[in-house]
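Dropping the sequence and predicted coords here.
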Amino acid sequence: MDYNKIIKNLPKVDLHCHLDGSLRPQTIIDIAVKENIDIPTKELKEFEKYVKVFGECDSLKDYLDKFELPIKVMQNKKNIYRITSELLEDVSKDNVKYIEIRFAPFNHIQKGLKAEDVIEAAIEAMKDGRKKYGVMSNLILCAMRHESVESSKRLVEIGKKYLGKGVAAVDLAGNEHDFPPEIHKEAFDLAQKYGFHCTIHAGETGIEQNIIKSIEMLHAERIGHGVYAFKDEKVVKYLKDRQIPLEMCITSNIDTKAVKDYEFHPIKKYLDEGLVVTVNTDNMTVSNVSLNDEFNHLVKEQNFTLEDIKKVVKNGIEASFASEDDKDILRKQYEKALEIL
């Protein structure tokens, strides 16, 4: 069975992809040169060492250092439009038909932009990308754990006007160890009141109890990563009983040392135990990975079967924050592809 061909031909969704971790390296160089932004080198191969992981990371902190240069070039509307558009073009080559792009708007206001400008530039690119590349998309706005709850509430208030018009959800990302979910409860209560969907980074680098806290305190409908659920069978049972989808990002979890290698990742165990798992890229550039790469790793390293692949892809469609009309389009594309596999 030619799994590579099957994976390539299946229409897929990516529910966990950070815009600032998925820039083309050449684009960073181009913008930096044009705007006189200091970069260590203009030679592409050498420059990639500064924005991609090549096995040298010792921790999530080392991994996050790779975002410094991308964020520097994401400080005006034109650049954010370009970067969003290029991401949609890139994922279209993997037959991704729907993607949820997440970012923290307040990271992109260092040179005078307002958060509204940041969001609007991305939404404009997403509308154009749907027509040009056939990729549907939504934005997930990230609040950061180390910021205040007032900052998170402000993000929710700003995002409200774009809800259903390109913005679908809010997220909480950043340092799990020092900033527990409950710090931001007021903001996520407000988001629920306004009708935002919600997904939370939890159990990525430990602290499995953050998974349950995120669901019960912050109204998470999905969990970003959730790798460490296996440390407590009660957490696994909780996720299974409630069928809470996990946005799993295999290569990223290896890069951050959350797991040792592909064969040790708990995704297959979770799938076999009846948890709702999805496969996603997290950071296409930083982790040097595409969605097709992720599925091929799972076939090679975890003995994923055709049924496993089909199940996980379908999970992604159903767990998405797409509108019902867009979900129907995705379901039809998926069913049509199955007929000719």
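Thanks, I have it.

Quick check: phi and psi on Asp326?
phi -70, psi -40 (degrees, to the nearest 10).

Run through the residues that contact Ala220.
198-200, 202, 214, 244 (Cβ atoms under 8 Å, 6 or more residues apart in numbering). Heads up, the C-betas are built off the backbone N, CA and C, glycines and all.

Out of the residues you listed, flag the one nearest to Gly129.
Thr199 (21.4 Å; Cβ to Cβ).

can you list the weak-confidence ranges in the chain?
Residues of the chain meeting the criterion pLDDT under 70: none.

residue ranges of the strands in it, please?
12-18, 96-103, 136-144, 167-173, 197-202, 222-225, 246-248, 277-279 (DSSP state E).

Ile71: which of these is closest?
Nearest to Ile71, of those and by Cβ to Cβ, is strand 96-103 at 9.5 Å.

strands paired with that closest one, and their directions?
strand 12-18 (parallel), strand 136-144 (parallel) (DSSP bridges).

What is the burial count for Ile119?
24 (other Cβ atoms under 10 Å).

cool, the one 3 residues further on as well?
Using other Cβ under 10 Å, the number of residues around Ala122 comes to 29.

quick one: contacts for it?
Ala122 neighbours (Cβ under 8 Å, 6+ apart): 19, 80-81, 84, 101, 103, 139, 166.

Switch the residues you listed over to CSV; also include distance to Val73 and neighbour count.
Shown next, in CSV, are the contacts of Ala122 (distance: Cβ to Cβ, whole Å; neighbours: other Cβ atoms under 10 Å):
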residue, distance to Val73, neighbour count
Leu19, 12, 24
Ile80, 9, 26
Tyr81, 13, 18
Thr84, 13, 26
Ile101, 17, 23
Phe103, 13, 27
Leu139, 19, 25
Gly166, 22, 19
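
Tell me the one of those nearest Ile309?
Ile101 (23.4 Å).

Name the nearest residue to that closest one, sequence neighbours excluded.
For Ile101, ignoring the flanking residues on the chain, the nearest one in space by Cβ to Cβ, 6 or more residues apart in numbering is Leu19 at 5.2 Å.

Surely that neighbour and Pro105 touch.
No - under the criterion of Cβ atoms under 8 Å, Leu19 makes no contact with Pro105, lying 10.4 Å away.

Including distance to Val33, could the strands of the chain go into a markdown table?
What follows is these, written out as a markdown table (distance: least, Cβ to Cβ, whole Å):
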| stretch | distance to Val33 |
| --- | --- |
| strand 12-18 | 24 |
| strand 96-103 | 23 |
| strand 136-144 | 28 |
| strand 167-173 | 30 |
| strand 197-202 | 34 |
| strand 222-225 | 34 |
| strand 246-248 | 35 |
| strand 277-279 | 36 |
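
so which of those comes closest to Asp261?
Evaluated over these, closeness to Asp261 peaks at strand 246-248, with 14.9 Å, by Cβ to Cβ.

need the contact list for Glu182.
213, 217.

how close does it get to Asp189?
11 Å (Cβ to Cβ, to the nearest Å).

tilt between the longest helix seen in the chain and strand 96-103?
Using DSSP state H to define each element, the chain has its longest helix at helix 115-133. Going by axes from the mean of the first three to the mean of the last three Cα atoms, to 10 degrees, helix 115-133 is angled at 170 degrees with respect to strand 96-103.

Which positions within helix 115-133 qualify as buried?
Across helix 115-133, burial judged by 16 or more other Cβ atoms under 10 Å covers 115, 117-126, 129, 133.

Quickly check those for the two that are furthest apart.
Ala115 and Tyr133 (26.0 Å).

Next, format the contacts of Ala220 as JSON lines and append distance to Lys111.
Below are the contacts of Ala220 laid out as JSON lines (distance: Cβ to Cβ, whole Å):
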{"residue": "Cys198", "distance to Lys111": "30"}
{"residue": "Thr199", "distance to Lys111": "29"}
{"residue": "Ile200", "distance to Lys111": "29"}
{"residue": "Ala202", "distance to Lys111": "32"}
{"residue": "Ser214", "distance to Lys111": "33"}
{"residue": "Ile244", "distance to Lys111": "39"}
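
Got the phi and psi for the closest residue to Ile207 other than its chain neighbours?
Residue nearest to Ile207 in three dimensions, not counting chain neighbours: Glu176, with 5.3 Å by Cβ to Cβ, 6+ apart. Main-chain dihedrals, Glu176, degrees, to the nearest 10: phi -70, psi -30.

for Glu176, what are its contacts?
145, 201-207, 210.

So which of those wins on neighbours?
Ala202 (30 neighbours).

Distance of that one relative to Leu271?
In terms of Cβ to Cβ, Ala202 sits 19 Å off from Leu271.
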